[in-house]
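Trainee: What follows is a protein structure lacking sequence information:
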């Protein structure tokens, strides 16, 4: 009861695809094909959700909805959502192999966690068809969790907790407080919180920061710090128990969580911080 038994990782932006650029580019492209230019910030807003839900959320954004109405004389409907997704999926499947490099530090982190007897689960906003590509390529490059659960297998994707519950069932882990969720989006944070897990937000490499490794290294320290602080604020407002800059820091967080568990802390308790 005082140990973390499983850590559930997100995929793009957390474990692979530093900066989460594969879906970003395709979201922008499918809307551009309809004559509507969306910004990177808009495209990243619902990141982490099941991809058709992501498109649905984009269509519901006031500026995009209004631009659609000006162009087509009406606001986007469910038929438009499905058409956009029908264009999105094959485009993403085509480019996905090039966006499967493990984020620096994640392979080493997983090895250290497994040395402690911790199981490695995962959830994603990608479909099962997309994950067939991602898992194969990532494994070839050294990253292979014990389990992959996609939104196709559950009633709804993030921020609902169903994928995390499936991880618990199939990994044989109980209670949910013995599990931690690690992700790079607000949807990830809420997914973990809704599942009654410890929720950890990762900033560098993630979609919320939205920067490549080159951009991170080239950015002025003050500007980067401001961006990191803003992402940290959003994660904490979403309910994150912990926020880390780099994925490798998760190991020390797991150690800290176990100290708190020994003192009776639980992730759903409002006073969990006082246990330190």
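Mentor: Arrived safely, thanks for sending. Just so it is clear, the structure is predicted and the values come from calculations on it, not from any experiment. Residues are numbered from 1 along each chain as shown.

Trainee: ok, residue 20 - how many residues close by?
Mentor: Applying other C-beta atoms under 10 Å, we find 27 other residues in the vicinity of residue 20. For glycine as for every other residue, the C-beta is placed from the backbone atoms N, C-alpha and C.

Trainee: Pretty sure it sits against residue 209.
Mentor: No: between residue 20 and residue 209 there is no contact under C-beta atoms under 8 Å: 9.2 Å.

Trainee: Kindly provide the distance from residue 194 to residue 267.
Mentor: 11 Å (C-beta to C-beta, to the nearest Å).

Trainee: list residues touching both of residue 20 and residue 209?
Mentor: residue 184 (C-beta atoms under 8 Å, 6 or more residues apart in numbering).

Trainee: List the residues that contact the residue lying closest to residue 80 once chain neighbours are set aside.
Mentor: The shortest distance from residue 80 to any non-neighbouring residue, by C-beta to C-beta, 6 or more residues apart in numbering, is to residue 59 (6.6 Å). With contact set as C-beta under 8 Å, 6+ apart, residue 59 has these partners: 65, 68, 75, 76, 80, 81, 84.

Trainee: need the helix or strand of this structure with the lowest average pLDDT.
Mentor: helix 40-44 (a mean of 91; mean pLDDT, DSSP states H and E).

Trainee: Neighbours of residue 252, how many?
Mentor: Residue 252 has 11 neighbouring residues, counting by other C-beta under 10 Å.

Trainee: So for it, what's the pLDDT?
Mentor: Among the per-residue scores, residue 252 holds a pLDDT of 97.

Trainee: what about it, which SS state?
Mentor: Secondary structure state of residue 252, per DSSP: H, G, I helix; E, B strand; the rest coil, is helix.

Trainee: Distance of it relative to residue 20?
Mentor: 24 Å.

Trainee: what do you get for residue 180?
Mentor: Residue 180 is 20 Å from residue 20, by C-beta to C-beta.

Trainee: Could you do residue 40 as well?
Mentor: Residue 40 is 11 Å from residue 20, where distance means C-beta to C-beta.

Trainee: I'd say residue 209 and residue 203 touch.
Mentor: Yes: contact criterion C-beta under 8 Å: residue 209 and residue 203 qualify, at 5.3 Å.

Trainee: Give me the common contacts of the two.
Mentor: Joint contacts of residue 209 and residue 203 (C-beta under 8 Å, 6+ apart) are 184, 228, 231.
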